[in-house]
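Enquirer: Make a model of this:
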Amino acid sequence: MNDLPDILETTEPVQETTGHVFTEGPAWHPDGYWYFNDIRPGTLYRLELGKPAEKIRETAGGNGMTFDLEGRLIQCEGEGNRITRAEPDGTVTTLVDRYRGGRFNRPNDVICHSDGSLYFTDPSMRIPFAKREQPGPDGEDGVYAGARVYRIAPDKSVSAVVTCEYPNGLAFSPDERTLYVANTRSTQYIHAVDIDADGKMLGRRIFADLSGDEPGIPDGMKVDQLGRVFCTGPGGIWVMESDGTHIGIIRLPEMAVNFAFGGDDLRTLFVTAVTSVYTLRVKTPGQPHPWYLVRGKT
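Expert: Numbers count the residues shown, from 1 in each chain. Below is the predicted model of the structure:
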């Protein structure tokens, strides 16, 4: 199915689970299992490869996930307009749900910086104007007002990093100086946003154009240890060099929605693809989550 000899160790995707409605938000836990969401029913699952998926809890439209530096599961719950945190005992609390007094629109994806801060996307286009509580406070207006990437500092304070058309998937460059933002709707591309140590934008540019006629949109995104950017798009998962040069597309039996690097060597690509989850093996590991390094596992 796939002919990317510099990228893939295996070429045929393995279906690990199926029968879902819309899978999303995969995350690898270094104890040997994966988390993923089925958005439409609002269900969080845990999966050990070779075993049936285990339902963990119901969510309010659970989507993108990551861990904080203590290993607690951080999750975007779009229908609940919030970011939640699951404690080791399973207790779920709301981490943040407001900015400048207004509820978030529909938090979509979240990633963790090595300093412990969390970055998440909050697109607005699927929220009717009358129900949006995040207007543009700094003179922004129009259809994209309030569609932003936010930063949650270690002290839980929230700041806006950048306003985008339809911010979706997120990833950092290996040096964490560049924040990649997938833009999903009317035009399909990846932003590259240069940030300082406090998460403030220094500049922005178009990193790559992902326009195409095949099914699929810029959504889930990750970066490997060579700095290559992987992002879902028309036809599958697009792979680009760190300068934006398009290498090729990893194709799946269903539309790729999101994915994560995992396994003990971080070379298993775990792909959520609408009704199913698939795995492939890659030659270069993905970037380790900062928490993995804190634990002493890479």
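
Enquirer: What mean pLDDT does the lengthiest strand in the chain get?
Expert: Scanning the chain for the longest strand, with DSSP state E as the assignment, gives strand 201-209. The average pLDDT within strand 201-209 is 96.

Enquirer: for stretch 231-241, same thing?
Expert: 97.

Enquirer: ok so, going back, what's the longest strand of the chain in contact with?
Expert: 161-162, 180, 188-196, 229, 231, 238, 240, 244, 246 (Cβ atoms under 8 Å, 6 or more residues apart in numbering). Every C-beta, even on glycine, is put in place using the N, C-alpha and C of the backbone.

Enquirer: make it 10 Å
Expert: Residues outside strand 201-209 that contact it (Cβ atoms under 10 Å, 6 or more residues apart in numbering) are 149, 160-164, 177-183, 187-196, 218, 229, 231, 233, 238, 240-246.

Enquirer: Over to stretch 46-58?
Expert: Contacts of stretch 46-58 (Cβ under 10 Å, 6+ apart): 14, 16-20, 23, 26, 29, 31-38, 41-45, 62, 73, 86, 90, 92, 262-263, 268, 270, 277, 279.

Enquirer: quick one: pLDDT of I127?
Expert: pLDDT, read off for I127, is 71.

Enquirer: Grab the nearest non-local neighbour of it.
Expert: Nearest residue to I127, sequence neighbours excluded (Cβ to Cβ, 6 or more residues apart in numbering): N105, at 4.8 Å.

Enquirer: contacting residues for that neighbour?
Expert: Applying Cβ under 10 Å, 6+ apart, the residues near N105 are 78, 81, 99, 121-127, 131-134, 146-148.

Enquirer: in the stretch 1-150 of the chain, which spans are strands?
Expert: Listed in chain order, the strands of the stretch 1-150 of the chain (DSSP state E, counting those that start in this stretch) span 14-17, 23-29, 33-38, 43-47, 54-58, 62-67, 73-77, 82-86, 92-96, 98-99, 102-103, 110-112, 118-122, 148-152.

Enquirer: So which elements touch the very next helix or strand once past the last one?
Expert: Which is strand 148-152. Per DSSP states H and E, the first helix or strand lying C-terminal to strand 148-152 is strand 158-163. Applying 3 or more Cβ pairs under 10 Å, 6 or more residues apart in numbering; DSSP states H and E, one finds that strand 158-163 makes contact with strand 98-99, strand 118-122, strand 148-152, strand 178-183, strand 189-195, strand 201-209.

Enquirer: Which of these sits closest to N258?
Expert: strand 178-183 (10.2 Å; Cβ to Cβ).

Enquirer: Now do the SS call for Y292.
Expert: Taking DSSP: H, G, I helix; E, B strand; the rest coil as the rule, one finds Y292 in the helix state.

Enquirer: Count the neighbours of it for me.
Expert: 18 (other Cβ atoms under 10 Å).

Enquirer: before we move on, back to that, for ChimeraX, write a command that selects the buried ones of the contacts of stretch 46-58.
Expert: This is how ChimeraX selects the buried members of these, with burial counted by 16 or more other Cβ atoms under 10 Å:
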select :16,17,20,23,26,29,33,34,35,36,37,38,42,43,44,45,62,73,86,262,263,268,270,277,279
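
Enquirer: circling back: now the helices and strands packed on strand 158-163 as a markdown table including mean neighbour count and distance to N2?
Expert: Converted to a markdown table, the helices and strands packed on strand 158-163 look like this (neighbours: other Cβ atoms under 10 Å; distance: least, Cβ to Cβ, whole Å):
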| stretch | mean neighbour count | distance to N2 |
| --- | --- | --- |
| strand 98-99 | 16 | 41 |
| strand 118-122 | 26 | 28 |
| strand 148-152 | 23 | 31 |
| strand 178-183 | 25 | 21 |
| strand 189-195 | 20 | 21 |
| strand 201-209 | 15 | 20 |
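
Enquirer: what about these, which gets the closest to M255?
Expert: strand 178-183 (14.8 Å).

Enquirer: and that closest one, what does it pack onto?
Expert: For strand 178-183, the elements it packs on are strand 118-122, strand 148-152, strand 158-163, strand 167-172, strand 189-195, strand 201-209, strand 221-223, strand 229-233, judged by 3+ Cβ pairs under 10 Å, 6+ apart.

Enquirer: Export those to a markdown table and append columns for distance to Y292.
Expert: Below are the helices and strands packed on strand 178-183 laid out as a markdown table (distance: least, Cβ to Cβ, whole Å):
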| stretch | distance to Y292 |
| --- | --- |
| strand 118-122 | 16 |
| strand 148-152 | 20 |
| strand 158-163 | 24 |
| strand 167-172 | 14 |
| strand 189-195 | 22 |
| strand 201-209 | 26 |
| strand 221-223 | 14 |
| strand 229-233 | 18 |
